[in-house]
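A.B. asks: Here is my input; please provide its structure:
(2 chains)
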2 protein chains.
Amino acid sequence: MTKPIVTPWEVKGEIDYSKIIKEFGTQPIDDQLLKRIKKHTKELHPYLKRKIFFSHRDMDKVLDAYEKKKKFYLYTGRAPSGPVHIGHLIPWLMTKWLQDKFKVNLLFQIPDEEKFLFKENLTLEESQKWAYENILDIIAIGFDPKKTKIFLDTEYSGTMYKYACKVGKKITFSTAKATFGFTNSTNLGALFYTCMQSVPAFLPSIYEKKPTMCLIPHAIDQDPHFRVTRDVAKALNYPKPAALHCRFLPGLQGLDNQGKMSSSVQSSAIYTTDTPEEVKKKVMKYAFSGGRATIEEHRNFGGNPEVDISYQWLTFFEEDDKKLEKIYKDYKSGKLLSGELKQILVDKLNKFLAVHQKEREKAKNKVKMFMVRD
Amino acid sequence: MTKPIVTPWEVKGEIDYSKIIKEFGTQPIDDQLLKRIKKHTKELHPYLKRKIFFSHRDMDKVLDAYEKKKKFYLYTGRAPSGPVHIGHLIPWLMTKWLQDKFKVNLLFQIPDEEKFLFKENLTLEESQKWAYENILDIIAIGFDPKKTKIFLDTEYSGTMYKYACKVGKKITFSTAKATFGFTNSTNLGALFYTCMQSVPAFLPSIYEKKPTMCLIPHAIDQDPHFRVTRDVAKALNYPKPAALHCRFLPGLQGLDNQGKMSSSVQSSAIYTTDTPEEVKKKVMKYAFSGGRATIEEHRNFGGNPEVDISYQWLTFFEEDDKKLEKIYKDYKSGKLLSGELKQILVDKLNKFLAVHQKEREKAKNKVKMFMVRD
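C.D. replies: Alright, predicted model coming up:
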């Protein structure tokens, strides 16, 4: 097994999430914090109960502010370079839940320049085309149009660039090199990009002329950006943004092959626009199984849900704890066969995607309600 | 004498302009080129005749295009961090002359973020305040409001940022390091800045959807930026911008103390808003003299116009060749005393500034005519 890599540009290998907490210097989401969240939300989202969101920075301070009737807002994003797969939805679903429970505003950044700057062969125009495709998936999640602003960096740079310069003045090449692993061959646009990702973490503090807490739900690989943002926030006298970090939805082919689902590996991903037949075919063909070599062995010794991708995915998509527990037990005991488990997942995903695809279709008429530009 | 330094951030020492041509790889403006320009302009600006504009890149290609009835346009700029001094006006006066003679458009960039990013203690707000002060001096030059667009980078970044990203993707940190002498301590905003300076060299080619030649009159210290711009232009399939390079107006205290007038050294600069009394006082007190120690010696052996700042400045401000020649001869022969020469300069400058200040006052009502923003 190769050493796992977790950076904004690459996630590879079998990831030890408790190690990441130590290495990145974040805080685990513990039962005490969950209890405190539940006090306000009445119930807990399965992603919190199941520690799919496993780590945070300053979530306690967000609650401090909230309990003192001070406003906070949400910020998350999507760098477009291809279709949205179901792994991308995890932080968005959490963000939607937080918006509903706390009735807060959301800034949704689409950094359409990011992947263009980091991928040799991607044009800005391709990235922008994907941006508008991806926005349909974002809107389909059900964010409150009155409380949500979605923007493309290249359409909002009249607003952001000057603040990005203020951020940029506070970050040296050395820091960027140490944080992101940049080299002398990194291009100037890629170097500057992190400044643009920082800006939405301050914008409401700037516009409302008072410190406004920002909470960023995101996958853990983006933490280096916000680590820098937090240092800069201090230097610029804005509140440090807080964050909630989620694990990656593993790729279809298993936990040890690759750390997260990848848009560019067809056989690893279920896209939000896949048909029920495609979903079934991919799961049946590619989903790494924790089952035994023969049915007989499986019945006798049971399967291993810890490595079984179908089971692992159900922890992200089956909201009912009891159902999930039964599946776990039945699979482990050998009562549930791998093919049967796969079929449960297929049904679950297709049910989820049927709703998503309907909303995605409706979203085509809602784009203007959500978008802001200079 | 220390080795002279000529970079966009620093100009120091006694500058050998023919050496610069070799080092930077530009072309001297020779009599053949002047003859070709004169064919179209009928007369030559004193800055051309006197080789104050001494070097160029691809001016012959601009004339090729012009002679084939193809459009070209002018681009120049001003990075604000303080008041405008008379040295800043040299490229602008040339630009105005070129606009009049060739009847061409002009993009005038005010990179209000540049000095903010490169100067530790300058705020963006201070730089922006100076931008609007400096714009009055630019308008006072007399550019054609129908053919001139002035913009601040922070007010035009909605237009420029995406193209700056396209430029940025083509420049590695290594290249920027080698070109500008950046180090690991350089900040990310400063690193990206050159991309924003490149964009106006392509904008009309983008908007008019056909290759449009750009001619940039500027002081030679900015050449590193445009050297990079020219490489990038090729990579992005835009015409390489051409350039006309001028010498620096030396500071009052002489040629060997500092290469160019500095806004931050009070005793080296005449500001465009100086009163006639201030001009007189500064010239009389600080202008480095090529005269002899005593009047008697001066009468006998004559002065040295080559090092005399008053004479040198008159080569920039006395348009009449015959008058200038007489001053040269009279000073060299000892007929003209240093005090008298200084008085000639004082009168010339105050006459020039009286007109400039009147136009500068009128400019306050013209700002909207010239400015563009996103």
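A.B. asks: can we go C-alpha only for contacts and neighbour counts from here?
C.D. replies: Fine.
A.B. asks: If we ignore the residues flanking it in sequence, what's nearest the residue nearest in space to the middle of chain A?
C.D. replies: Nearest to the mean C-alpha position of chain A, counting by CA atoms, centre = their mean, stands A:Pro91 at 3.6 Å. Using CA to CA, 6 or more residues apart in numbering or on different chains and skipping the chain neighbours, the partner closest in space to A:Pro91 is A:His218 (5.4 Å).
A.B. asks: any idea which helix or strand carries that neighbour?
C.D. replies: strand A:213-219 (DSSP states H and E).
A.B. asks: now the angle from the next helix or strand after that strand to strand A:213-219?
C.D. replies: Downstream of strand A:213-219, the first helix or strand assigned by DSSP H and E is helix A:223-236. Put simply, helix A:223-236 runs at 170 degrees to strand A:213-219, going by axes from the mean of the first three to the mean of the last three CA atoms, to 10 degrees.
A.B. asks: Report whether helix A:223-236 contacts chain B.
C.D. replies: No: using CA under 8 Å from any CA of the partner chain, helix A:223-236 stays clear of chain B, with a minimum separation of 11.8 Å.
A.B. asks: who touches that helix?
C.D. replies: Contact with helix A:223-236 is made by A:7-8, A:24, A:167, A:170-171, A:179-180, A:194, A:197-198, A:201-202, A:239-241, as judged by CA atoms under 8 Å, 6 or more residues apart in numbering or on different chains.
A.B. asks: Please export the C-alpha coordinates of the strand holding A:His218 as CSV.
C.D. replies: In CSV, the C-alpha atoms belonging to strand A:213-219 read as follows (Å, rounded to 0.1, in the frame of the first residue of the first chain):
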residue,chain,number,x,y,z
MET,A,213,-18.9,34.1,11.2
CYS,A,214,-18.5,31.8,8.2
LEU,A,215,-19.0,28.1,8.4
ILE,A,216,-17.6,26.0,5.5
PRO,A,217,-18.8,22.4,5.1
HIS,A,218,-16.3,20.7,2.8
ALA,A,219,-14.4,17.5,2.1
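A.B. asks: Quick one: list the elements packing against it.
C.D. replies: Using 3 or more CA pairs under 8 Å, 6 or more residues apart in numbering or on different chains; DSSP states H and E, the elements in contact with strand A:213-219 are helix A:59-67, strand A:72-77, helix A:89-102, strand A:242-246.
A.B. asks: who does the longest one touch, helix- and strand-wise?
C.D. replies: In this case it means helix A:89-102. Against helix A:89-102 (3+ CA pairs under 8 Å, 6+ apart) you get helix A:31-41, strand A:72-77, strand A:213-219.
A.B. asks: Out of those, which is the most enclosed?
C.D. replies: Of all those, strand A:213-219 has the most neighbours on average by mean count of other CA atoms under 10 Å in any protein chain shown, namely a mean of 25.
A.B. asks: Pairing partners for that strand, with directions?
C.D. replies: Next to strand A:213-219 in the sheet, as set by DSSP bridges, lie strand A:72-77 (parallel), strand A:242-246 (parallel).
A.B. asks: Columns distance to B:Gln343 on top of the ones you listed, output as TSV?
C.D. replies: Converted to TSV, the strands paired with strand A:213-219 look like this (distance: least, CA to CA, whole Å):
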stretch	distance to B:Gln343
strand A:72-77	65
strand A:242-246	66
